[in-house]
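# sequence first, predicted coordinates after that:
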Amino acid sequence: MNKTYNMKQILLIIAFLFSFACTFSQQLAPIAKTVGKLNITVDPRMELLSAVQVISDYPTINRKTSYSDELMKFFAKDTLSNAVIFTTKLATDFGFTYDAPIDLMLRLSQVPDLKLLHPYSERMIERAHGKENLDNYTVTLHDFAIKSHFTEFWNSKKSYYQKIVDYTADDLGDFDPVGKLESYYNESKNSYTVTLSPSFGGGYGIRIPSSNNGLDIFACIDVREMKDNIPYYSKRGLSYFLWHEFSHSYVNPLTEKYKTRIKTSSKLFNLLENEMRDISWGSWQNCIDEHIIRAVYIRLLTLYGKENEAKSQLIREKSLHYVYIEPLIEKLKQFEIERQTKNITFSNYYPTLLSVFDSLANSDNEKLLHPAFTGPIQAILNSPKIIIIYPTNDSDTTALNNIYRYTSLIQKIKSEERIIRSDTAALKMDLSDYSIMAYGTIESNLFLAKHKETFPFKISGNTILTDKQHEGSKLRIITCLPNPYNKNKGMLINTSTSNRNIKGVSNPFTNDYIVFEDIENILQQGDYKKDKNWNF
């Protein structure tokens with residue numbers, strides 16, 4: 001009896017171990033949905049990476065989401081694992097961060113196997129300081145997947161991941177960002193996948209060689225918006241990331257192909273190297289890629305009926321020191337014509353596009369590097385260094401206090417870039433290095449009162465006089481002009497017939513001035529004539 005019983009026990013143990021082994025050898029599958037040629041996914045490889053990064057000292061992971069809290073709670077027992085130690089070491093010692101770990105995961109098979117399917121790129125090997133480090137790191141990630149019971153966590157969150165994918169796909173509707181991108185470049189890639197991850201700290205464009213000598217391209221991005229407490233990506237936000245990140249797979253290989261040629265214009269990088277390094281672009285090749293991709297995005301916005309957004313984006317890019325972007329936009333317009341008339345592809349046209357940099361390298365670029373301020377209002381809102389000036393000269397102290405509270409809130413939005421001062425304090429300062437935002441009636445803000453004779457508009461009683469006459473007790477004008485101490489900087493004026501009317505409004509501010517009582521009923525808006533002076 002005992003021998004029979006022991007044999008049954010042995011058979012049961014073998015069956016259990018076989019079942020256990022099968023469970024852990026079975027690869028997990030992404031949660032996925034297809035919209036046109038776009039695959040929208042949440043990928044187990046990325047969530048495994050997120051789990052390791054969030055409990056390590058990895059610097060560029062978002063630890064401020066409820067999902068990150070769940071990761072930290074579930075995997076807290078694994079903080080001393082080799083994968084966590086290796087993640088910190090690669091990031092701290094070698095700078096193996098941002099896109100590099102994500103690129104690695106996309107070259108591996110699914111969790112938990114994580115076998116190498118696509119060779120490491122030379123750049124990845126360089127960033128990890130050797131192939132051996134990548135091989136060892138992959139082994140530790142595989143061990144982490146098994147020992148941490150990652151499959152259990154993944155299965156517990158599958159409905160959550162499904163909602164992320166569904167909400168994102170539903171918001172796209174019939175909008176086809178991939179089709180529009182392919183139409184613009186007049187070329188196509190093998191596949192397009194957007195991988196959403198609730199703990200990522202940004203977005204990265206990755207390309208992996210496919211078996212048919214094409215490219216599988218990926219946008220691996222964080223998830224920024226919420227619906228029913230589920231993070232997702234809206235059509236508008238996703239379009240920006242896809243058009244930007246997928247464009248890297250069209251543009252970057254071409255820049256690499258012509259890297260010898262672009263060296264001849266590299267002195268252009270010297271003129272803005274500090275600014276580019278501040279936003280993580282440490283080479284002329286990187287700088288060219290970003291200039292071209294951002295110029296293409298602006299053209300896509302324009303071509304698909306988003307002229308105001310295109311204008312706003314151009315202002316933003318120039319504020320970030322992409323100073324060569326406007327000549328590129330003009331050259332892209334020529335590409336669009338030749339694409340229609342000659343069926344030329346972007347790859348065919350790329351050497352012509354590079355001629356923009358060849359020409360600039362032999363030109364005086366002072367006006368590009370230090371352009372005179374030409375508006376619009378939004379250009380000031382995007383400025384990196386702003387002084388906000390509030391009024392003090394009004395017997396209506398309640399109105400003054402309200403303006404002070406309002407301007408203080410504006411200052412706090414970007415407190416590291418903005419300072420706030422009273423009109424009396426501002427008059428004693430050197431403001432030549434600032435963009436100015438001045439609030440209050442002309443007489444109540446002593447800084448505005450000092451310069452009012454230079455303004456192209458006048459305010460008297462309940463009347464605002466532009467090239468037209470507007471009357472009303474709640475009239476306001478928001479406008480921009482050059483900083484009176486530095487023509488290269490701007491000045492925003494938010495004024496009214498009464499300080500009681502000064503409060504926040506929502507508007508794209510893509511013009512130089514806007515006159516209104518109710519922002520929903522604008523009386524006049526437009527741009528100034530700027531021959532010598534700013535006039536209506």
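Arrived safely. The shown structure was predicted, so the numbers you read here are calculated from the model rather than taken from an experiment.

# what does stretch 458-478 rub up against?
Counting contacts by Cβ atoms under 8 Å, 6 or more residues apart in numbering, the residues outside stretch 458-478 that touch it are 377, 441-442, 456-457, 492-498, 501-502, 505, 507, 509, 513-518, 523-524, 536. Every C-beta, even on glycine, is put in place using the N, C-alpha and C of the backbone.

# kindly recompute the last result at 6 Å.
442, 457, 494-497, 501, 514-517, 523, 536 (Cβ atoms under 6 Å, 6 or more residues apart in numbering).

# now the helix or strand containing residue 71: mean pLDDT?
Under the criterion of DSSP states H and E, residue 71 resides in helix 66-74. In this model, helix 66-74 carries a mean pLDDT of 95.

# how about it as PDB, C-alpha atoms only?
This file holds the C-alpha atoms of helix 66-74, laid out as PDB (Å, rounded to 0.1, in the frame of the first residue of the first chain):
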ATOM      1  CA  SER A  66      -1.200  55.100  -8.900                       C
ATOM      2  CA  TYR A  67       0.000  52.400 -11.300                       C
ATOM      3  CA  SER A  68       3.600  53.000 -10.200                       C
ATOM      4  CA  ASP A  69       2.500  52.700  -6.600                       C
ATOM      5  CA  GLU A  70       1.100  49.200  -7.500                       C
ATOM      6  CA  LEU A  71       4.400  48.200  -9.100                       C
ATOM      7  CA  MET A  72       6.400  49.400  -6.100                       C
ATOM      8  CA  LYS A  73       4.000  47.500  -3.700                       C
ATOM      9  CA  PHE A  74       4.000  44.200  -5.700                       C
END
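
# quick one: low-confidence parts of the stretch 1-150 of the chain?
1-25 (pLDDT under 70).

# can you pull out the helices in it?
Counting by DSSP state H, counting those that start in this stretch, the segments of the stretch 1-150 of the chain that form helices are 2-25, 44-54, 66-74, 82-94, 99-106, 122-127, 131-147, 150-156.

# wait, is residue 438 part of a strand?
Yes: with the criterion set as DSSP: H, G, I helix; E, B strand; the rest coil, the secondary structure at residue 438 is a strand.

# count of neighbours near it?
Counted by other Cβ atoms under 10 Å, the residues lying close to residue 438 total 22.

# what sits against it?
Applying Cβ under 6 Å, 6+ apart, the residues near residue 438 are 389, 445, 447, 448, 493.

# from these, which ones fall inside helices?
447, 448 (DSSP state H).

# kindly write the ChimeraX command that selects the buried subset of the contacts of residue 438.
To isolate the buried subset of those in ChimeraX, counting by 16 or more other Cβ atoms under 10 Å, use the following:
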select :389,445,447,448,493
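
# possible to save the contacts of residue 438 as CSV with distance to residue 528?
Listed next are the contacts of residue 438 as CSV, based on distance: Cβ to Cβ, whole Å:
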residue, distance to residue 528
389, 21
445, 21
447, 21
448, 17
493, 13
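
# mind putting the contacts of residue 438 into TSV with distance to residue 251 and pLDDT?
As requested, the contacts of residue 438 are exported to TSV (distance: Cβ to Cβ, whole Å; pLDDT from 0 to 100):
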residue	distance to residue 251	pLDDT
389	42	97
445	47	97
447	45	97
448	46	97
493	40	97
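
# which of the contacts of residue 438 lies closest to residue 80?
Here the nearest of the contacts of residue 438 to residue 80, counting by Cβ to Cβ, is residue 389; it sits at 54.3 Å.

# and the closest one, how close does it get to residue 381?
According to Cβ to Cβ, to the nearest Å, residue 389 stands 15 Å off from residue 381.

# before we move on, what about residue 528?
With Cβ to Cβ as the criterion, residue 528 and residue 381 are 18 Å apart.

# cool, and residue 488?
17 Å.

# same question for residue 325.
Note on residue 325: its distance to residue 381, by Cβ to Cβ, is 19 Å.

# just residue 211 next, same as before
Summarising the geometry, the distance separating residue 211 from residue 381, computed by Cβ to Cβ, is 48 Å.

# burial of residue 100, as a residue count?
Residue crowding around residue 100 was assessed by other Cβ under 10 Å; the count is 21.

# surely it and residue 126 touch.
No: taking Cβ atoms under 6 Å as the definition, residue 100 is not a contact partner of residue 126, at 9.8 Å.

# JSON lines for the helices of the stretch 1-150 of the chain, including distance to residue 435?
Compiled in JSON lines, these are given as follows (distance: least, Cβ to Cβ, whole Å):
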{"stretch": "helix 2-25", "distance to residue 435": "59"}
{"stretch": "helix 44-54", "distance to residue 435": "38"}
{"stretch": "helix 66-74", "distance to residue 435": "36"}
{"stretch": "helix 82-94", "distance to residue 435": "36"}
{"stretch": "helix 99-106", "distance to residue 435": "33"}
{"stretch": "helix 122-127", "distance to residue 435": "38"}
{"stretch": "helix 131-147", "distance to residue 435": "46"}
{"stretch": "helix 150-156", "distance to residue 435": "48"}
